[in-house]
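[1] just coords:
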């Protein structure tokens, strides 16, 4: 590899890092303008260089690059390195990460303009961009784990960005703890890889997968497990935490306590897709274990349907989109389980654009309503915010999978791939993702109608101070957000409409990801679908004959009836199904279960250990008890200390006689 290419690859992650350092450590010197200028320039340059790499690959001028940059340590022949693997999958992810990050950086100028932590926020989001790039560009498991933990750290910092707000601190601690559960499995999987293959390098591990295919190990009870199945399940447990799959999903909705730009950057478009990317990257391992893939598929199916249902009853504008993200991540996970890795990556890409658009659109609404987030205090905003309204419609149509929009191509392929799969559990998964289309349409159009359509459910009181107004009252009339907010919305709306139509053929059926993803011929459902693919336009036209299209239309009609034409129906339905509403409103009681079992249970266990083990056995038993024993012995031995020489001489004679008696009894003559 020539020096200029290696320098380019180094600059892609280093430039955002440099911006983060300047904006963070020198925030007082550079000020607000300097902080956003240096970070935006760094991320913009990174996006341009990433686009150049992608363009070189499209034109055939760049093959797969696998290079080591720095050797951190060598131990017992095992090399711990920092390096880059840049193939078609990496280049695609680099462009998605840097483009969405660039839009969020620009948007943040308007959204955070009055926040006292302005420079700190820009430092954090630039640092996140660096961390995510290190993750997707890694060529070994050490660097993958570094990027994995780094994005988790920055997520913790950003969720709790408003550290004086108690709910934000609780949310970032919750995210931290839940992800540690997943990361324990992830680290265990990496350790098992090192034990099995003796290396952390991707190429070496993937090249020796067949050698490990028959390896087993025994667990207590005499049960034997396939080593590759164990590795894949452990790695996927890490993905369950990072990509918020049930039951490790509970942190993501609460992460909406952070500023809206990070909801778009981290919790919709990039970080939460790290698990999806990782499983796709590890396809040579996962293809060797049908059991692991079935586990992946069913986990995604449960998440896709159950989380979408919760979105129907949420009233916080950001939380509705958050549960939508959980559901769409479930779709990607189902695709991974069906061995349709390319379909999962394709949906990852399209979802990044339209979900970032929806989150940033929600932020625009929040700005206009003076940080009101309850949809019950919105309505009729389309006449005040035409740009936000139009882009929200475009993002919604992409999300529900309307033909010709980006989400249609990626989601439809996932549903068809699951239908074609013969893997155990595919029937359940197909039912879940198909019914999920109806659910997605209901909550998506519900959010759109309650926010922009219908009557206005807020009151403008023209007060000088809007900081103490009750919910539903505004100090000023809502107005469209400034250009620094609306331009990113427009730029994200464009790929939300056209990127699916433009790229479905090369990414899915043109072999674009063949250098990155391995699929056994018997599992290649995407190739089977490719035999019936006759172009993006024909695919969209054919959709009117499919069940998902009509379920989407049904969802549109149901939402229109309930939330646009006859809103009273919603209260009637809630009254007729109170038990179902309570279950959904309480999010299946996952939080209560974890609170009682782990949080309160840990506290009770700790108190019991303190009273019985620490204070009881250790303090009163071992420590204080040994002191009492010594004191008791000393009190009795002290009586022997008379101070008379004949007493001590008598004791020595008795001791000598006793020693001789033992000697005679034990030593043979």
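    Nice, I can see it. Please read all numbers here as calculations on a predicted model, not as lab measurements.
[2] dump the residue contacts of the closest residue to residue 27 other than its chain neighbours.
    Using C-beta to C-beta, 6 or more residues apart in numbering and skipping the chain neighbours, the partner closest in space to residue 27 is residue 119 (3.5 Å). Every C-beta, even on glycine, is put in place using the N, C-alpha and C of the backbone. Residue 119 makes contact with 23-24, 27, 30-32, 35, according to C-beta atoms under 8 Å, 6 or more residues apart in numbering.
[3] These, buried ones only, as a ChimeraX selection?
    Entered in ChimeraX, the line below selects the buried ones among the contacts of residue 119, by 16 or more other C-beta atoms under 10 Å:
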select :23,24,27,30,32,35
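[4] Quick check on residue 485: phi, psi?
    Reported as degrees, to the nearest 10, the phi and psi values for residue 485 are phi -100, psi -40.
[5] count of residues packed around it?
    Counted by other C-beta atoms under 10 Å, the residues lying close to residue 485 total 24.
[6] Surely it is in contact with residue 367?
    Yes - with contact defined as C-beta atoms under 8 Å, residue 485 and residue 367 form a contacting pair (6.9 Å).
[7] Mutual contacts of those two, please.
    110-111.
[8] circling back: nearest to residue 372 among the contacts of residue 119?
    Nearest to residue 372 among the contacts of residue 119 is residue 32, at 25.6 Å by C-beta to C-beta.
[9] doesn't residue 116 make contact with the closest one?
    No - Residue 32 is beyond contact range of residue 116, at 10.4 Å (criterion: C-beta under 8 Å).
[10] dump the residue contacts of residue 232.
    189, 282, 285-286, 288-289, 292-293.
[11] What is the burial count for the nearest residue to it once chain neighbours are set aside?
    Sequence neighbours aside, residue 292 is the residue nearest to residue 232 in space, at 3.7 Å (criterion: C-beta to C-beta, 6+ apart). Residue 292 is flanked by 24 other residues according to other C-beta under 10 Å.
[12] Low-confidence ranges, the stretch 451-600 of the chain, go.
    Along the stretch 451-600 of the chain, segments meeting pLDDT under 70 span 464-468.
[13] Assumed residue 81 was part of a helix.
    No - read with DSSP: H, G, I helix; E, B strand; the rest coil, residue 81 is strand and lies in no helix.
[14] which ones are touching it?
    Residues in contact with residue 81 (C-beta under 8 Å, 6+ apart) are 68-72, 139-140, 142-143, 201.
[15] Now with 7 Å, please.
    Neighbouring residues of residue 81 by C-beta atoms under 7 Å, 6 or more residues apart in numbering: 68, 70-72, 140, 142.
[16] Can I get the buried part of those residues as one PyMOL selection?
    This is how PyMOL selects the buried members of the contacts of residue 81, with burial counted by 16+ other C-beta under 10 Å:
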select buried, resi 140+142
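[17] between the contacts of residue 81, which is nearest residue 416?
    Nearest to residue 416 among these is residue 140, at 35.0 Å by C-beta to C-beta.
[18] so how far is residue 17 from that closest one?
    For residue 140, the distance to residue 17 (C-beta to C-beta, to the nearest Å) stands at 19 Å.
[19] before we move on, what about residue 310?
    Residue 310 is 37 Å from residue 17, by C-beta to C-beta.
[20] and whatever helix or strand residue 70 lives in, which strands flank it?
    In the assignment (DSSP states H and E), residue 70 maps to strand 65-75. When pairing is defined by DSSP bridges, strand 65-75 lines up against strand 78-86 (antiparallel).
[21] residues of the partner strand that come out buried?
    Across strand 78-86, burial judged by 16+ other C-beta under 10 Å covers 79, 81-86.
[22] can you pull out the strands in this structure?
    Applying DSSP state E to the chain gives strands spanning 65-75, 78-86, 216-219, 223-226, 459-460, 473-474.
[23] from what I can see residue 512 touches residue 506, true?
    Yes - contact criterion C-beta atoms under 7 Å: residue 512 and residue 506 qualify, at 4.7 Å.
[24] So those two - more neighbours on which side?
    Taking other C-beta under 10 Å, residue 512 and residue 506 do not tie; residue 512 has more neighbours (22 against 13).
[25] Show the contacting residues for the more buried one.
    88, 506.
[26] give me phi/psi at it?
    According to degrees, to the nearest 10, residue 512 has phi -60, psi -40.
[27] Equivalent analysis for the one 5 residues further on, please.
    Residue 517 adopts backbone torsions of phi -120, psi 140, taken as degrees, to the nearest 10.
[28] per-residue confidence for the spatially most central residue of the chain?
    The C-alpha lying nearest the average C-alpha coordinate of the chain belongs to residue 272 (C-alpha atoms, centre = their mean; 2.5 Å). pLDDT, residue 272: 83.
[29] which residues touch it?
    242-244, 252, 325, 329.
[30] Please report the distance of it from residue 262.
    Taking C-beta to C-beta, one finds residue 272 at 12 Å from residue 262.
[31] Likewise for residue 191?
    Distance from residue 191 to residue 262, by C-beta to C-beta: 31 Å.
[32] Looking at the two, which is more packed in?
    For the pair residue 191 and residue 262, the greater number of neighbours falls to residue 262 (26 against 13), based on other C-beta under 10 Å.
[33] Sketch out the low-pLDDT regions of the stretch 201-350 of the chain for me.
    267-269.
[34] Spatially, what comes nearest to residue 21 if we skip its sequence neighbours?
    residue 123 (7.7 Å).
[35] My guess is the one you found contacts residue 17. True?
    No - judged on C-beta under 7 Å, residue 123 makes no contact with residue 17 at a distance of 10.4 Å.
[36] Tell me which of these two has more neighbours.
    Higher neighbour count among residue 123 and residue 17: residue 123, with 25 against 18, using other C-beta under 10 Å.
[37] what sits against that one?
    20, 23-24 are the contacts of residue 123 under C-beta under 7 Å, 6+ apart.
[38] of all these, which comes closest to residue 557?
    Checking those one by one against residue 557 (C-beta to C-beta), the nearest turns out to be residue 20, at 47.7 Å.
[39] ok so, going back, rebuild the contacts of residue 119 as TSV, extending it with distance to residue 444 and pLDDT.
    Formatted as TSV, the contacts of residue 119 follow (distance: C-beta to C-beta, whole Å; pLDDT from 0 to 100):
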residue	distance to residue 444	pLDDT
23	36	94
24	37	92
27	39	88
30	41	91
31	41	90
32	36	91
35	36	93
